[in-house]
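Peer 1: Give the three-dimensional model of this entry:
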Amino acid sequence: MAGRLTPAGDFDYERAGAGYARRRRTDPRIAAHVHAALGDARTVLNVGAGAGSYEPEDRYVVAVEPSAAMRAQRPSERPAVNAVAEALPFDDDSFDAAMAMITVHQWADVRRGVSELRRVARGPVVILTFDPDALLDFWLAEYVPALLEAERPRFPPLGALGDRVQAVPIPLDCQDGFIEAFYGRPEAFLDPEVRAAQSAWEKTGVDVGPGLTALAEELASGAWDARHGDLRRQPEYVGSLRLVTSS
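Peer 2: Alright, predicted model coming up:
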């Protein structure tokens, strides 16, 4: 299936979306928060569904994903509709609930996309995203501050997404490969395959070479561990990951 000639959002997954199914997997502890927020919904729409992370297996899920490269990584028994958040091809109140997992920052029009989620959902709208005001608290800002500074404007204010905001703890062995998932595994950022599944590294266009070199040197010398070594043993980290719900 041919990919889009132009990206549906702010990142070109047709060109750079390989490996997401392997690197961006469902973490069951984060999923528990998501699925609880869905309440007793039996039919769920997942928008910006990617390779299918966090879709509940015990409910009827319809997925929407505009990137052919991402749809190709989904299990064959869980295909996705080729559409965008801003123009969902469903009637009003078609689903018990709607969800959007780490995707709203890539939409062309967040306000319209959220409005569409609310239009098609009879019940809760559940959005997993990041708090832009908390991004710079992460230790990676010591090495690539321009990366995180450039990343912040991509994330909409939480108040624009819903009326209930919950901080979601990130487990030390998190199975989802977003940036803060490696809070206690700093060597991961030196792996280009890990970074390739985190859109910030390419999308922002920042020269991260010097920062990664400094990180490698400080890991080798023990300087990173002198400042942050306790994170290697900290079972969970409350960073910028947020669950936003509205009904």
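Peer 1: backbone phi and psi for the residue nearest to residue 183 when sequence neighbours are not counted, please?
Peer 2: In this structure, residue 183 finds its nearest non-sequential neighbour in residue 237, 4.4 Å apart by CB to CB, 6 or more residues apart in numbering. For glycine as for every other residue, the C-beta is placed from the backbone atoms N, C-alpha and C. Dihedral angles of residue 237 (phi, psi; degrees, to the nearest 10) stand at phi -130, psi 130.
Peer 1: okay but residue 237 is in contact with residue 179, surely?
Peer 2: No. Contact criterion CB atoms under 8 Å: residue 237 and residue 179 do not qualify, at 11.6 Å.
Peer 1: More neighbours: those two, which one.
Peer 2: Each of residue 237 and residue 179 has its neighbours counted (other CB atoms under 10 Å); residue 179 has more, 23 against 18.
Peer 1: Now do the contacts for that one.
Peer 2: 138, 140, 198, 200 (CB atoms under 8 Å, 6 or more residues apart in numbering).
Peer 1: Could you give the number of residues near the third one?
Peer 2: Looking back up the chat, that one is residue 198. Neighbours around residue 198, by other CB under 10 Å: 21.
Peer 1: gap between it and residue 178?
Peer 2: 6 Å (CB to CB, to the nearest Å).
Peer 1: before we move on, back to that, can you put the contacts of residue 179 in CSV and add distance to residue 36 and pLDDT?
Peer 2: Shown next, in CSV, are the contacts of residue 179 (distance: CB to CB, whole Å; pLDDT from 0 to 100):
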residue, distance to residue 36, pLDDT
138, 26, 97
140, 29, 98
198, 26, 90
200, 28, 88
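Peer 1: In helices, which of those residues fall?
Peer 2: Among the contacts of residue 179, the members found in helices (DSSP state H) are residue 200.
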